[in-house]
Structure formats: structure tokens, C-alpha cells
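K.L.:
I would like to see how this sequence folds:
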Amino acid sequence: MRTCHLLSKLSNKVGFPRIQRPAYILSRSLWSSYTASHPTCFTPSTLSIRSPDICIAIVSNTFSHAELESIPKHLTTLLNPKLLIGCVVDKIHGNLPDGNGVSLLVGDLSLNKSVSISEFSYEIEGDRRLFKTSNVGRWFSNNESRNRDDIGKLFDMGKFELPSAAPSEKDLPSGLKKLKESGSGEGLLFMFSDMEPHLLLRSLDHHFPAYKKLGIIGTSTPFTTARPVTLFYNEHVLSQGVVGFSLTPTSIGDIALQHSSLSPFGDIMKITKCRGNIILELDGLNATRLLLDSLRAGNADVSKETELYLGIYPPSVDRYDDSTLIISKITSGDPAKGSMAIDTIDDLQVNQCVKFMYRSTGEPTKIMKDHTQNSKESSINLILSVSDPEDCQNSTIKNPDEPKVSKSNTFGGISENGIIIGHGGVEGSWVCNIPNSMITTRLNK
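P.N.:
Down below sits the predicted model:
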């Protein structure tokens, strides 16, 4: 009765609707997934599990400031998990056709003693190191340098980091140092991040090369929570950093990444001259002119507004496996000089193979409908996808007339800012922010 009273007071305080108790849901699986149309649908009568090892919450950006800020404390009070992480996204995957609600994944490791979890957090407070912003095509002019207040930092060579510099032990979160010492060869690293996970991903690939990496970048929330992104870490609401966990041994299936809005054109080419993220020659020819000629030859349906991309194969591969492609946007090109700028933090290499792509008109609702019905009782569909900012417009929804909570075989979310993927192979981990792209895999119960 006391718990119900506290929940009732919380609901009235933040404007949550009064709801009728749905049917009792029993959970005795290693992993259980739930979908709710409103945060307060999760009550003692709808979730039977108590003190789970981990609770993961993905919440659509369709609730009020007070409601979003109250979610981690509400779930912590209700479930008492050893670890709670989550973030706010554009929409969720699950049983709700409009994608507005909460997608919840709960792990109870007492049912399988061979599975272990290690939590980690990275730069969740204090100064945030901006890796991509500082390194991709960014040079200061003389006048700009003189006018900067932090001019001394520009010439502090001890703080200078090259995009290709090898990660050091200091970049590894403390929560993962014991995992590295244990010598576990394979597993899963799952995370929620702000816009700058690149330095951490470089470190994770270095220290855990065989681990699969999955995650999602929180959607931009300045107009709902007054935060750049909104992350959850136990009872706390964060504005920056990365929160996540390791799972060993991994219990997920093969990871598939689909790009429904990308179409390739032209042949596979080899970089013959480049510097940093700039390509000068492809197959010994002017790179930008080759791009234009390939567009004309392929009769691609493009315009001046069409976004162009470059699929980049890992260095030193003897076969062209598209599952290993890292796809980056072509940001500019100069037909006279041949130079073509690629939106990547990695140094491109001579003899590396690439192919051109362009973004065709996608179907913004398709990423919410695919795969949600292709579920098995023995597993949970894990789906992470990228929304199209032009088509996925969020607005605060009214309190639902009939709040719903149901057990689901699908867990995941959709964010305009991108998803994180790493197969644990030679290609490394990367952030995919191509609209209508989707990661799918299965998490064994």
C-alpha cells in the first residue's frame, strides 16, 4: 500500500494520468521486453520482476519535461535494478503503431549464472572531449586563432590528438578494466551516447577487438528537457557522455545493417592518392570528375540536393563483403583539383577500395514496421534505426485515454542522430547516421 501511495503521489506531481491496472505480467526469462504507451503504465501490478540485474529504457521524445526527467527515478523505485541505463529517442520499436511510448528490456541473470554484466560510463560529467568535431576538416585561420580565448590550448602539444592516434589505457572506462583483465575474448558492448562516442569506440575496438558493439545516439532534446541529449544512468538524468554495459558471453545472433534509402552506382574503385579524409585520385583519375561521370553513366535520379555517400571497405581485404562497409557522407568536391572530402575521422589509405552511393527517397514509416512481426518466442528482436529528421516530427502527445503495457518480443528505438555498430571484425565500429538505416539482431531469452 505504501508503494502504491508513493506512485500515486509521483503521478499527480508530474501530471501522469490515473490508470487502471492491466493484467499481471509474469517474467521468468533471462531477458524480458515490455512496451508501454506511458511511463506510469509500469506499476507493481504490471511488472512482476524485482531487483533485476539490469533495466534498459528507451523512451520516445513525446512526453513533457517533467515526465521524461522522472522516468529513471520511477523505474528505479519500482524495480530496484542493480543497473539502469537508457535514453530519449524519436520513436520506439515495439507493439505501438505510432512509436510513442517506452520500450523496456529487463535482464535477470539469476536464471543463467554463466552470463555476466559489467556497467560502464564515460565522460558523463566535466569537460567533454570533442573528437570528431575537432578533427574532421577543421582548421583555424590566423585571425580566428588570435581571437580565441583559449589560444594557449591550440599550441599545447600534450593535448593534441590525431584522429588515427592509438588509444591509450586512460580512454578505457574504469568499469571495463576488470573485464579486460579477465581476458574474455568475445561478448557484447551495448551503449547509449551523446554525439561524440568516437574516441570511446576507438578505445573499445583497441581493447576488445572481438566484441560486438551496438548502441544508439540519443535524439536532440533541447526543446523538451533543455539538454543536448537526455541519457539515463540509475536515478540520474545526464546531458552528455556514454553509458552502457558489457555482456559475456554474448547471447545475440548475427547483426544485420540495412540501408533502405541508399542506392549504389558505378564500379568498385581503388584509392590511388589521398591525404587524411581527402581523396585526390580514384583508379588514377580525378576523384570528383569520376564521381560526376559515374552519376551520368548510371542515369541516377539525383539533383543538386541529393546526398552522396562513399562506401569504404576495410584496408587489405581480398573480397568485397558489403557487411563490412563503413559508409560516410561526401561533404564536398572540386572537379578542377579532384579533391573530394569524406566525413570520416579515419585516415583513408592508398589501395583501399570504395564505391559511390546516393540517397534515394525513403519510406519514413517503414523502419517502424519492418521485423516487428518476425519474432520468435525464444528470442527478442533488437532493432535500432535512424529516422529522417524531415519526416519524423515529434510533438508532445496527450495523455492516452487507455494506457497500455504489454509484453513484447521487440525492443529498440529510432533516433535522428544515428546508431552505433561494430561486428567485432576488421572494419571496426562506427556511427551510422544515414536516414532510414536499421540494425537488426536477436537477443536470446
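K.L.:
mind listing what's buried in stretch 172-187?
P.N.:
Residues of stretch 172-187 classed as buried by neighbour count (16 or more other C-beta atoms under 10 Å): L172, P173, G175, L176, L179, S184, G187. Using the backbone N, CA and C atoms, a C-beta is placed for each residue, glycine as well.
K.L.:
ok, and what's touching the longest helix belonging to the chain?
P.N.:
Counting by DSSP state H, the longest helix found in the chain is helix 65-79. For helix 65-79, contacts defined as C-beta atoms under 8 Å, 6 or more residues apart in numbering pick out 3, 6-7, 10, 13-16, 39-40, 42-44, 47, 49-52, 55, 57, 59, 61, 81, 84, 86, 88, 102, 104, 106, 221, 224-226, 230, 232-237.
K.L.:
Quick check on those: which are buried?
P.N.:
Buried by 16+ other C-beta under 10 Å: 7, 10, 14, 16, 39-40, 42-43, 47, 49, 52, 55, 57, 59, 61, 81, 84, 86, 88, 102, 104, 106, 221, 224-225, 230, 232-234, 237, out of the contacts of helix 65-79.
K.L.:
Just the ones of those in strands?
P.N.:
Counting by DSSP state E, the part of those found in strands is C55, A57, V59, L84, G86, V88, V102, L104, V106, F232, Y233, V237.
K.L.:
low-confidence ranges in the stretch 151-300 of the chain?
P.N.:
The stretch 151-300 of the chain contains residues with pLDDT under 70 at 151-169.
K.L.:
and if we set it to 90?
P.N.:
151-172, 174-175, 177-178, 180-186, 249-253, 295-300 (pLDDT under 90).
K.L.:
Can you show me the helices along it?
P.N.:
151-154, 174-182, 198-207, 287-297 (DSSP state H, counting those that start in this stretch).
K.L.:
Dump these to a markdown table, plus distance to D346.
P.N.:
As requested, the helices of the stretch 151-300 of the chain are exported to a markdown table (distance: least, C-beta to C-beta, whole Å):
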| stretch | distance to D346 |
| --- | --- |
| helix 151-154 | 23 |
| helix 174-182 | 23 |
| helix 198-207 | 9 |
| helix 287-297 | 17 |
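K.L.:
that older thread, between the buried residues of stretch 172-187, which is closest to N277?
P.N.:
Taking C-beta to C-beta as the measure, N277 lies nearest L172 of the buried residues of stretch 172-187, at 25.6 Å.
K.L.:
wait, the closest one sits on H207?
P.N.:
Yes - the pair L172 / H207 is scored as a contact, 5.5 Å apart, by C-beta atoms under 8 Å.
K.L.:
Now list whatever residues contact both of these two.
P.N.:
Contacts common to L172 and H207, judged by C-beta under 8 Å, 6+ apart, are K180.
K.L.:
quick one: contacts for the most centrally placed residue in the chain?
P.N.:
Nearest to the mean C-alpha position of the chain, by C-alpha atoms, centre = their mean, lies I216 at 1.7 Å. Applying C-beta under 8 Å, 6+ apart, we find I216 in contact with I58, C87, V89, F192, S193, L384, G413, S415, G418, I419, I420.
K.L.:
one more time with 7 Å, if that's ok
P.N.:
By C-beta atoms under 7 Å, 6 or more residues apart in numbering, the contact set of I216 is C87, V89, F192, L384, G413, S415, I419, I420.
K.L.:
Which of the residues you listed fall within strands?
P.N.:
C87, V89, F192, L384, G413, S415, I419, I420.
K.L.:
C274: neighbour count?
P.N.:
Look at C274: counted by other C-beta atoms under 10 Å, it has 20 neighbours.
K.L.:
quick one: it and N351 touch, right?
P.N.:
No - applying C-beta atoms under 7 Å as the test, C274 and N351 come out as separate, 10.0 Å apart.
K.L.:
For K73, grab the count of nearby residues.
P.N.:
Neighbour tally, K73, other C-beta under 10 Å: 16.
K.L.:
how close does it get to H236?
P.N.:
9 Å (C-beta to C-beta, to the nearest Å).
K.L.:
now D171
P.N.:
22 Å.
K.L.:
Check S103 too.
P.N.:
In terms of C-beta to C-beta, S103 sits 20 Å off from H236.
K.L.:
Check F131 too.
P.N.:
Counting by C-beta to C-beta, the gap from F131 to H236 is 24 Å.
K.L.:
Skipping adjacent residues, who's closest to I255 in space?
P.N.:
In space, I255 comes closest to T441 once its chain neighbours are excluded; the distance is 4.7 Å by C-beta to C-beta, 6 or more residues apart in numbering.
K.L.:
Check F120 too.
P.N.:
G175 (3.5 Å).
K.L.:
Run through the residues that contact that neighbour.
P.N.:
Under the criterion of C-beta under 7 Å, 6+ apart, the neighbours of G175 are S118, E119, F120, S121.
K.L.:
I'd guess the second one is in a strand, am I close?
P.N.:
Yes - with DSSP: H, G, I helix; E, B strand; the rest coil as the criterion, E119 is located in a strand.
K.L.:
ok, now which ones touch it?
P.N.:
Counting by C-beta under 7 Å, 6+ apart, E119 touches L83, G175, F245.
K.L.:
who does it bridge with?
P.N.:
E119 has these beta-bridge partners by DSSP bridges: F245.
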